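K.L.:
sequence plus the predicted model coming up.
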Amino acid sequence: MGSLFRSEEMTLAQLFLQSEAAYTCVSELGDLGVVQFRDLNPDVNAFQRKFVNEVRRCEEMERKLRFIEKEIKKDGIPMLDTGDNPDAPAPREMIDLEATFEKLENEMKEVNTNAEALKRNFLELTELKHILRKTQVFFDEAAFLQSAQMHDQPKSEEAQNLLGEEATRAGGQPLKLGYARHSLIV
């Protein structure tokens, strides 16, 4: 295998390839690493070239792979890094890889969305649990104080303390308190 240093002897060649075999030939030449390509159509816009759609597909797959790699690293899952560049897949394999990467990306996004929703629900439920505990302590203390006051005072004084001095009916009888459907009956 040679290298592309300036001082190394090079030969300029022009290749004519059939479009069906171009992908495989360029892939093999790229794997050898001894070829430098020159653009013979520098004035043609990048969006007017024949291979633009394939490049976009490859860039999209690369983006999906970076996303999956980021998620793997975020979760601390070890990855095998051989350091070698894998061989370029055949065009038929590219379609399968593209579908697989799309499926994996969608699943990862769904997992992330569900994990965020679960965290949010957990925090809300934890907050409600603490609120319920605090209110239970409050009600327990109030019930304890009320029961202590009821045992210490006679019934007529209880009516006067809860309703004030006007807690007696005409004729001097104390008012009795009772509850019916959430409203106070006097």
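P.N.:
Noted; the coordinates are in hand.

K.L.:
identify the residue nearest the geometric centre of this structure.
P.N.:
Nearest to the geometric centre of the chain sits Asn112, at 2.8 Å (C-alpha atoms, centre = their mean).

K.L.:
is that residue part of a helix or strand, or is it coil?
P.N.:
helix (DSSP: H, G, I helix; E, B strand; the rest coil).

K.L.:
tell me how far it lies from Glu71.
P.N.:
Going from Asn112 to Glu71 by C-beta to C-beta, to the nearest Å gives 8 Å. (Each C-beta comes from the backbone N, C-alpha and C, glycine too.)

K.L.:
check Glu141 too.
P.N.:
Distance from Glu141 to Glu71, by C-beta to C-beta: 49 Å.

K.L.:
higher neighbour count, these two?
P.N.:
Glu71 (16 against 10; other C-beta atoms under 10 Å).

K.L.:
next SSE after the strand or helix carrying Glu20?
P.N.:
In the assignment (DSSP states H and E), Glu20 maps to helix 19-32. Next helix or strand after helix 19-32 toward the C-terminus (DSSP H and E): helix 52-74.

K.L.:
using PDB, list the CA coordinates for that next one.
P.N.:
Only the C-alpha atoms of helix 52-74 are listed here, as PDB (Å, rounded to 0.1, in the frame of the first residue of the first chain):
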ATOM      1  CA  VAL A  52     -26.300  14.000  -4.000                       C
ATOM      2  CA  ASN A  53     -29.200  11.800  -2.800                       C
ATOM      3  CA  GLU A  54     -26.800   9.000  -1.800                       C
ATOM      4  CA  VAL A  55     -24.600  11.500   0.100                       C
ATOM      5  CA  ARG A  56     -27.600  12.800   1.900                       C
ATOM      6  CA  ARG A  57     -28.700   9.300   2.800                       C
ATOM      7  CA  CYS A  58     -25.200   8.500   4.100                       C
ATOM      8  CA  GLU A  59     -25.100  11.800   6.200                       C
ATOM      9  CA  GLU A  60     -28.500  11.000   7.600                       C
ATOM     10  CA  MET A  61     -27.400   7.500   8.600                       C
ATOM     11  CA  GLU A  62     -24.300   9.000  10.100                       C
ATOM     12  CA  ARG A  63     -26.400  11.400  12.200                       C
ATOM     13  CA  LYS A  64     -28.500   8.500  13.400                       C
ATOM     14  CA  LEU A  65     -25.400   6.500  14.400                       C
ATOM     15  CA  ARG A  66     -24.000   9.500  16.300                       C
ATOM     16  CA  PHE A  67     -27.300   9.800  18.200                       C
ATOM     17  CA  ILE A  68     -27.300   6.100  19.100                       C
ATOM     18  CA  GLU A  69     -23.600   6.300  20.100                       C
ATOM     19  CA  LYS A  70     -24.400   9.300  22.300                       C
ATOM     20  CA  GLU A  71     -27.200   7.400  24.000                       C
ATOM     21  CA  ILE A  72     -25.000   4.300  24.500                       C
ATOM     22  CA  LYS A  73     -22.200   6.400  26.100                       C
ATOM     23  CA  LYS A  74     -24.800   8.300  28.300                       C
END
